[in-house]
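S.K.: sharing a sequence plus its predicted fold:
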Amino acid sequence: MTSIVITYHNEGQAFLEECVRQVHDTCRLPSYEIIVVDDHSDVPLSPLTATVIRNETNLGVGASFNRGIGKAVGDTIIMMGCDMRFIDNAWALKLLQDVSDHPNGIICTRCVALKRDSLSIEENMKKPSGYGCELLLHYRNDILCAQWAPKFKQTTYKVPVVMGACYGFQKAWFEYIDGWNLYRGKGALEAFLSMKSWIFGGECVVDRTIATGHIYRDKDEHGRKLSDEFYNKLLLDYWFLDGELTGTLERSNSLDTAKIMFADNIIEIQQKKEEYRKKAVLSKKQYLDKYIDIRKLNR
């Protein structure tokens, strides 16, 4: 059994329905369920050919995925936003095989960029695609920034960070790495999950033979607060990098807000640090040496 979890927030019923329809038409799985998590949209959803969970308040993307995966009955999870589009290319069957081959890992697909005026995956296949990401320690005035990784010759290979908005993994591995626990809002979503997967002894993998379409929109209906993004990076830096990076950031109102939120939750954050220390397989040095692109360090 596979559980396909989709998050939704104010993108519009028709926009979501097209995603769900294409999943049904192309996934070709013998046994699956679709769970849509409505993150307290302004207008509740009408019935869908999927199970709908509606958050009583706006929880953010990470918490919504956590809730949907928590309700999933499948041992294998396919996770995406409702801005994904598909063609009948055996994408789900290939993704399930990758998950079987990498049970302690997170798999991402090749990301074919779509725009609202060009939604055909076939028409965009020859354009540049995303093949997972590198994670830059410093980039301009920010830290822990995901940047599209180059394409390699192998069909399936390891990457520092999954990226591309369609992911597969074992539910048990997601629970072991603690999902998006303590994550806020949106920002550093993929790095948050990927860093824990690597440090806890797993991996992140891209299968460039699986092409899925991701609609890039001018407006992000989920909303994105810079203070939340800083907060999420403060967590990663504190838990795994000894807090060395965020001390170099320039002062800003958003960073100050993030630091206040961090201080308000310090007891739970410290408890997680101890829990994660016991799970860590890679040291900080091993992780940085192997899985972070440091070519742009301090540029």
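M.R.: The structure has been received and is ready for your questions.

S.K.: for the rest of this, base every contact and every neighbour count on C-alpha atoms.
M.R.: Fine.

S.K.: three-state assignment of Met261?
M.R.: Recorded secondary structure, Met261: helix (DSSP: H, G, I helix; E, B strand; the rest coil).

S.K.: just checking, what packs against the helix or strand hosting Leu93?
M.R.: Assigned by DSSP states H and E, Leu93 falls within helix 91-101. Packed against helix 91-101 by the contact rule (3 or more C-alpha pairs under 8 Å, 6 or more residues apart in numbering; DSSP states H and E) you find strand 105-114, strand 166-170, strand 203-215.

S.K.: repeat that with 7 Å
M.R.: Helices and strands touching helix 91-101, by 3 or more C-alpha pairs under 7 Å, 6 or more residues apart in numbering; DSSP states H and E, are strand 166-170.

S.K.: next, the angle from the strand it packs on to strand 105-114.
M.R.: With axes from the mean of the first three to the mean of the last three C-alpha atoms, to 10 degrees as the basis, strand 166-170 and strand 105-114 are set at 170 degrees to each other.

S.K.: following strand 166-170, which helix or strand comes up?
M.R.: For strand 166-170, the following helix or strand on the C-terminal side (DSSP H and E) is helix 171-176.

S.K.: and the angle for the helix or strand just after that next one with strand 203-215?
M.R.: Counting by DSSP H and E, the element after helix 171-176 in chain order, helix or strand, is helix 189-199. Interaxial angle, helix 189-199 versus strand 203-215 (the same axes, to 10 degrees): 160 degrees.

S.K.: show me the strands in this protein, by range?
M.R.: Here the chain has its strands, by DSSP state E, at 2-8, 32-38, 51-54, 76-81, 84-85, 105-114, 133-139, 142-148, 156-158, 166-170, 203-215.

S.K.: show me the shaky parts of this structure.
M.R.: Residues of the chain that meet the criterion pLDDT under 70 lie in 117, 218-223, 293-299.
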